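Student: Quick one, fold the following:
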Amino acid sequence: MFKGLSVTPNSVSPVIKQDLVIEIDKNFPKEFTSPTDFTATLVDEKNNKKDPNVSFDLTVLSVDDHNKSLTVRFPGAPADTYYIRVTHVAEGRVAHKPLKLTVETEV
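Tutor: Below is the predicted model:
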């Protein structure tokens with residue numbers, strides 16, 4: 001299993017849609033050629049399973065083979081701490097523990 005390295009930004013507002021950049025291990029063996037090669041799901045940290053009540057599908061907008069990164073759209077979610085689970089069609093799941101996203105309202 002290859003490792004997810006980072007998500008930028010790693011803290012977002014619960015009500016604002018925004019783009020996130022996910023960086024994957026540089027040793028990932030496949031070229032990043034198409035956004036459709038990947039899926040991404042926001043999974044509640046406390047319930048690390050794909051429960052539809054605490055998980056949200058993210059749209060993969062683009063991929064960057066040179067930087068081994070993908071850009072996904074955060075659609076908004078309740079304030080909480082989540083992991084982003086990334087899966088590649090040929091290589092399977094990317095380790096998601098480093099891909100932690102905090103959804104919070106800051107005053």
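
Student: and stretch 62-81, how far apart are its ends?
Tutor: End-to-end distance of stretch 62-81 (C-alpha to C-alpha, to the nearest Å): 24 Å.

Student: residues in contact with E106?
Tutor: Under the criterion of C-beta atoms under 8 Å, 6 or more residues apart in numbering, the neighbours of E106 are S13. Quick note: C-beta positions are derived from backbone N, CA and C, even for glycine.

Student: what about it, distance to L20?
Tutor: Per C-beta to C-beta, to the nearest Å, E106 is found 17 Å from L20.

Student: Tell me how many other residues crowd K17.
Tutor: Burial of K17, expressed as a neighbour count using other C-beta atoms under 10 Å, amounts to 11.

Student: Ok, E104 next?
Tutor: Taking other C-beta under 10 Å as the criterion, the count of residues near E104 is 12.

Student: so what pLDDT did the residue lying closest to it once chain neighbours are set aside get?
Tutor: Taking C-beta to C-beta, 6 or more residues apart in numbering, and ignoring the residues beside it in sequence, E104 has A79 as its nearest neighbour in space, at 5.3 Å. Reading off the confidence values, A79 has pLDDT 91.
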